[in-house]
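Trainee: fold the following.
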Amino acid sequence: MGVLNVTPDSFSDGGRYTDIDAAVAHAIQMCQEGADLIDVGGESTRPGADRVEAEVEIQRVLPVIRELAAVGIPMSIDTTRAAVAEAALQAGVTVVNDVSGGLADPAMAKLVAEAGCPWILMHWRGHSKYMRELAIYTDVVAEVRQELSARVDAALAAGVSTDKIVLDPGLGFAKRPEHDWRLLAHLDSLVALGFPVLIGASRKSFLGALLADPDGSPRPVAEREAATLAVTVAACQAGAWGVRVHNVRDNVDAIRAWRAVGEARAAAGGMEEGR
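Mentor: Got it, this is the predicted structure:
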């Protein structure tokens with residue numbers, strides 16, 4: 001999943017793709033580099049971010065979505081609002097990526113159920129403005145699993161089909177770095193729930209903290225790509241369905257190399273059995 005932020009304030013690339021032509025060109029490039037889905041977002045969810053009005057969010061995303069739909073680019077809409085999701089679905093997106101897991105807008109479940117589209121439910125405890133205060137866990141893996149299971153139950157009760165649900169542990173959302181690493185270390189626990197799992201680790205602050213300078217200064221966002229690639233491979237090994245990334249080409253390359261190793265191992269195993 002290639003990230004397309006048409007926002008002025010996203011943590012990694014805010015302001016780079018607010019121009020429609022630049023956004024469309026970048027999305028097409030990501031697809032050419034191997035992205036299966038372009039995730040279009042019109043509101044930043046970085047820690048501490050202020051909210052924008054739904055009308056502003058719609059004005060940001062719809063022109064880009066229409067242009068991309070016209071050339072056949074597959075898209076998801078990154079939003080917590082049913083009104084934005086509805087407008088985006090009508091304009092050509094096919095997946096709703098809801099970082100609130102349906103908690104921010106009670107109307108989202110009904111909309112998604114009626115649309116019959118895939119719905120990515122992310123683990124969420126509150127809006128970006130104050131989510132740092134909510135990063136309190138006794139057992140982060142068990143609690144995230146339990147809270148995501150509750151979101152699945154709510155989605156199913158609203159009429160969403162089982163085969164339309166994707167789960168996301170919400171790395172960086174109401175989580176400290178140690179929580180993110182523990183979730184990645186036990187990703188199999190979430191995969192075991194039986195739903196596709198999406199991982200969004202690309203360039204996030206827990207990577208910056210890991211790679212901090214001796215004085216404690218986090219590694220700049222633009223210099224976290226190698227760590228992102230390592231997490232992508234680890235997520236694939238754990239059975240993740242997808243990864244949401246900014247640099248599509250390098251992540252696709254990493255996945256191809258990981259697959260090649262697996263294929264060579266399988267071929268070697270087959271040769272041993274044939275002897």
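Trainee: okay, now the unreliable bits of the chain?
Mentor: 9-18, 48-49, 270-275 (pLDDT under 70).
Trainee: where do the helices sit along it?
Mentor: Counting by DSSP state H, the chain has helices at residues 20-32, 54-70, 82-91, 108-115, 140-157, 177-185, 187-191, 205-210, 225-237, 248-274.
Trainee: how about TSV for those helices, with distance to Gly216 added?
Mentor: Using the backbone N, CA and C atoms, a C-beta is placed for each residue, glycine as well. TSV is the format used below for the helices of the chain (distance: least, Cβ to Cβ, whole Å):
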stretch	distance to Gly216
helix 20-32	33
helix 54-70	35
helix 82-91	38
helix 108-115	39
helix 140-157	23
helix 177-185	13
helix 187-191	28
helix 205-210	9
helix 225-237	17
helix 248-274	27
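Trainee: can you say which of these is nearest to Pro47?
Mentor: When the helices of the chain are compared for distance to Pro47 using Cβ to Cβ, the nearest one is helix 205-210, at 7.2 Å.
Trainee: what residues sit buried inside the closest one?
Mentor: By 16 or more other Cβ atoms under 10 Å, the buried positions in helix 205-210 come out as 205-209.
Trainee: just to revisit the earlier point, nearest to Leu198, of the helices of the chain?
Mentor: Leu198 sits nearest to helix 225-237 of all these, at 9.1 Å, using Cβ to Cβ.
Trainee: what is the orientation angle of that closest one with helix 177-185?
Mentor: Relative orientation of helix 225-237 versus helix 177-185 (axes from the mean of the first three to the mean of the last three Cα atoms, to 10 degrees): 40 degrees.
Trainee: which residues sit against helix 225-237?
Mentor: Here helix 225-237 makes contact (Cβ atoms under 8 Å, 6 or more residues apart in numbering) with 184, 187, 199, 201-203, 207, 210-211, 219, 243, 245-247, 250-251, 254-255, 258.
Trainee: between helix 248-274 and that helix, find me the angle.
Mentor: 40 degrees.
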